[in-house]
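S.K.: Here you go, sequence then predicted model.
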Amino acid sequence: DAKTTQPNSMESNEEEPVHLPCNHSTISGTDYIHWYRQLPSQGPEYVIHGLTSNVNNRMASLAIAEDRKSSTLILHRATLRDAAVYYCILRDGAYGGSQGNLIFGKGTKLSVKP
Amino acid sequence: EAGVTQSPTHLIKTRGQQVTLRCSPISGHTSVYWYQQALGLGLQFLLWYDEGEERNRGNFPPRFSGRQFPNYSSELNVNALELEDSALYLCASSLGGRIMNTEAFFGQGTRLTVV
């Protein structure tokens, strides 16, 4: 499986932007970059995903490097409710690819200070 | 629309017993994933089913098994329970088949305690 590397933990102040980095130097051409987060005592929830272009949705933005070997999840204004473990995952979008699996790494634990 | 549902939400079993956990995916989703999350640890991938077939299996012993039914619901079976099997078992579903670039949705999990 393709691997991702994330910092173990990060801290942010409330109402400030947060940039969560992810390295994926072995990414293949058909791998999509997915982000999930897991709030305390809950199952993971989808945040955003993309292939090559930057993506925006109501929760966050995803900035993808031109060579696709790294990406950054951007939370524009962190709130206390954003405190969670954030996972960056590569998922193969090619039909029949075994990498279409969802393998979670250790993620980044984000703490938000009031 | 109903999300991913798992049953039961909690259960307590004795070491050596067998347990079956159930997962109903979101309507229209054909892929189901199972994960184990021990307390305070990350998600360990167990099994992935897509359109009724096992597509991938994580590094777990054979006493962990499962299946996917024609309606795409799924069961996870664990035989000969051990104390270290105590964990939250999470199920996720997504569109599958030829549509592999979409998001997955998780259930709230089944908390298994082995005593």
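M.R.: Happy to help now that I have it. What you see is a predicted model, and the numbers here were worked out from it, not measured in a lab. Residues are numbered from 1 along each chain as shown, chains lettered A, B, ... in the order given.
S.K.: and chain B, which residues reach chain A?
M.R.: B:31, B:33, B:35, B:42-43, B:45, B:48, B:50, B:55-56, B:90, B:92, B:94, B:96-98, B:100-101, B:103-109 (Cβ under 8 Å from any Cβ of the partner chain). The way it works is simple: take the backbone N, C-alpha and C, and place the C-beta from them, glycine included.
S.K.: Among those, which are located in strands?
M.R.: Of these, the ones assigned to strands by DSSP state E are B:31, B:33, B:35, B:45, B:48, B:50, B:55-56, B:90, B:92, B:94, B:105-106.
S.K.: Highest neighbour count among these?
M.R.: Taking other Cβ atoms under 10 Å in any protein chain shown as the neighbour criterion, residue B:33 ranks highest of these with 28 neighbours.
S.K.: Run a quick check on that residue versus residue B:44, I expect a contact.
M.R.: No. With contacts counted by Cβ atoms under 8 Å, residue B:33 stays clear of residue B:44, the gap being 11.5 Å.
S.K.: if I look at the nearest residue to residue A:74 once chain neighbours are set aside, how far off is residue A:111?
M.R.: Spatial nearest neighbour of residue A:74, excluding adjacent residues (Cβ to Cβ, 6 or more residues apart in numbering or on different chains): residue A:61 at 4.3 Å. Remark: distance between residue A:61 and residue A:111 (Cβ to Cβ, to the nearest Å) = 21 Å.
S.K.: Those two: which is more packed in?
M.R.: Each of residue A:61 and residue A:111 has its neighbours counted (other Cβ under 10 Å); residue A:61 has more, 17 against 13.
S.K.: what residues are up against the residue nearest the centre of chain B?
M.R.: Nearest to the mean C-alpha position of chain B, by Cα atoms, centre = their mean, lies residue B:34 at 3.1 Å. Taking Cβ atoms under 8 Å, 6 or more residues apart in numbering or on different chains, we find residue B:34 in contact with B:23, B:45, B:46, B:47, B:48, B:66, B:74, B:76, B:89, B:90, B:91.
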